[in-house]
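**Q** Predicted coordinates and the sequence they were generated for:
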Amino acid sequence: MKVGIKKLPHALEFPLPHYATQGSAGLDLLAAIDEEIELLPGQRLAVPTGIAIELPPGFEAQVRPRSGLALNHGVTCLNSPGTIDSDYRGEIKAILINHGAEAFVIQRGHKIAQMVIARHEQAELVEVETLGDSARGAGGFGSTGMTVKS
């Protein structure tokens, strides 16, 4: 599957997003900012990546956190995964939030998020009067407990 990608004027010198290893699921996204940004604890902002893409119908791009930023600095993507629809042609941005105790400095070209390309379906919703039974039923948040039952 091929995905069209366009570098935007403020990121022309950046390499195209790429998979860091042969087994990587996510493509690294870089911060396409002019000046470094200090992300204060509790602060959130949309960080531009300098790219726009053209996905084929039936595919989405998911913007996800980088585990090292989350573990080491408390910085993550706020709406994770953030969905990029196949008909969106604008700049991809990562909505970052600092859950850490200290300010985090984002510099131009830093790896700030990852993008996973995934196939999806569009469902046909059919209104019904009743739903079929299941083992879980209407059990919601926490209904399956915290421990494994032996």
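**A** Received, thanks.

**Q** For this structure, which segments count as helices?
**A** Secondary structure of the chain (DSSP state H): helices at 67-73.

**Q** where along it do the strands fall?
**A** 4-7, 27-30, 37-39, 44-48, 51-54, 59-64, 75-77, 82-84, 93-98, 104-106, 111-119 (DSSP state E).

**Q** Which strands and helices lie in contact with the fourth one?
**A** So that's strand 44-48. When contacts are defined as 3 or more Cβ pairs under 8 Å, 6 or more residues apart in numbering; DSSP states H and E, strand 44-48 sits against strand 37-39, strand 93-98. (C-beta placed from N, C-alpha, C; glycine too.)

**Q** Which one of those lies nearest to Phe14?
**A** strand 93-98 (14.3 Å; Cβ to Cβ).

**Q** packing partners for that closest one?
**A** So strand 93-98, by 3+ Cβ pairs under 8 Å, 6+ apart, packs with strand 37-39, strand 44-48, strand 75-77, strand 111-119.

**Q** what's the angle from that strand to strand 44-48?
**A** Interaxial angle of strand 93-98 relative to strand 44-48 (axes from the mean of the first three to the mean of the last three Cα atoms, to 10 degrees): 150 degrees.

**Q** tell me, what residue is most central in the protein?
**A** Val63 (1.7 Å; Cα atoms, centre = their mean).

**Q** For the residue nearest to it when sequence neighbours are not counted, give me the pLDDT.
**A** Computed as Cβ to Cβ, 6 or more residues apart in numbering, the closest residue to Val63 that is not its neighbour in sequence is Gly82, at 4.0 Å. Here the pLDDT value assigned to Gly82 is 95.
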